[in-house]
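[1] Below are the sequence and a predicted model; questions follow.
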Amino acid sequence: MVNANEPQGFEPAPESPSGTGIWGRFEGIIRDLSRALSVIGIFGIAMLVLITAVDVLGSKLFNHPFPGFTGVTELAQLIAMSFGMGIAFLGGHHIKVEIVMHRLPAKTQAVIGSFVNLLGFALFVLMVWQLIILGRSFQVSREVVDQIYLPLYPFPYAIALALLPVCLALLFNFGNSIRRVVRR
């Protein structure tokens, strides 16, 4: 349920204050890209609901379930999760452990934030790289979804694309953390 007192729309994460100039444009590009890609995630959820309904109706009414149901639903879930990840990260809807961080001085928080954002950036870049390698492997081996022969290779490429806004957001947050370290 939506609270009438809360502002509607996308709210930035508290640790990524908007900048001006090039820095602000970079943040805007990340947000716009995340919003655009989240539409594909919504499409993945819609496909998941539609395929599940078709499978249930087909198996119960016509004794003919959706062929390749498991493989297609797994792919729809991957699309929904990966393409929604950027907007969720920018909105601060991810898990954070901040039990000790609030008790540390601001400069120490910024230093730790810099390290965490740099480590996260490296991890997500590594994931994008490995997804591209996996996509190429699927493409060469011509891997398909069982029963319906849907090629698998576009999906790792798509997920790698979906993770790019997260990489950019982590890079942006790293820059913000460095700016806080230098300012104090």
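    Done, it's in. This structure is a prediction, so every number in the text was calculated from the model and none was measured.
[2] biggest helix in this structure by residues?
    helix 21-61 (DSSP state H).
[3] could you show me where the helices are in the protein, in order?
    So, for the chain - with DSSP H - the helices run 21-61, 69-90, 106-141, 154-183.
[4] for the residue nearest the centre of the chain, what are its contacts?
    In the chain, the residue lying closest to the centroid (C-alpha atoms, centre = their mean) is M85, at 1.9 Å. The contact partners of M85, by C-beta atoms under 8 Å, 6 or more residues apart in numbering, come to 162-163, 165-166. Where C-beta positions appear, they are placed from N, C-alpha and C, glycine not excepted.
[5] out of those residues, who's nearest W129?
    L163 (10.3 Å; C-beta to C-beta).
[6] How many residues are close by that closest one?
    By the criterion of other C-beta atoms under 10 Å, L163 has 20 neighbours.
[7] Looking at it now. What's its pLDDT?
    For L163, the pLDDT comes out at 95.
[8] do P14 as well
    44.
[9] same question, the one 4 residues further on
    Turning to S18, the model gives it a pLDDT of 51.
[10] I'd like to know which elements the longest helix of the chain is packed against.
    Contacts defined by 3 or more C-beta pairs under 8 Å, 6 or more residues apart in numbering; DSSP states H and E place helix 21-61 against helix 69-90, helix 154-183.
[11] shaky segments in this structure?
    1-20, 184 (pLDDT under 70).
[12] Mind doing that once more with 80?
    Counting by pLDDT under 80, the chain has low-confidence residues at 1-24, 92-101, 184.
[13] re the thing from before, can I get the helices and strands packed on helix 21-61 in a markdown table with distance to V100?
    Formatted as a markdown table, the helices and strands packed on helix 21-61 follow (distance: least, C-beta to C-beta, whole Å):
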| stretch | distance to V100 |
| --- | --- |
| helix 69-90 | 22 |
| helix 154-183 | 17 |
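[14] between those helices, which one is nearest to G135?
    Closest among those, using C-beta to C-beta: helix 154-183, at 3.6 Å.
[15] and the longest helix of the chain with helix 69-90, angle?
    On the basis of axes from the mean of the first three to the mean of the last three C-alpha atoms, to 10 degrees, helix 21-61 is oriented at 150 degrees to helix 69-90.
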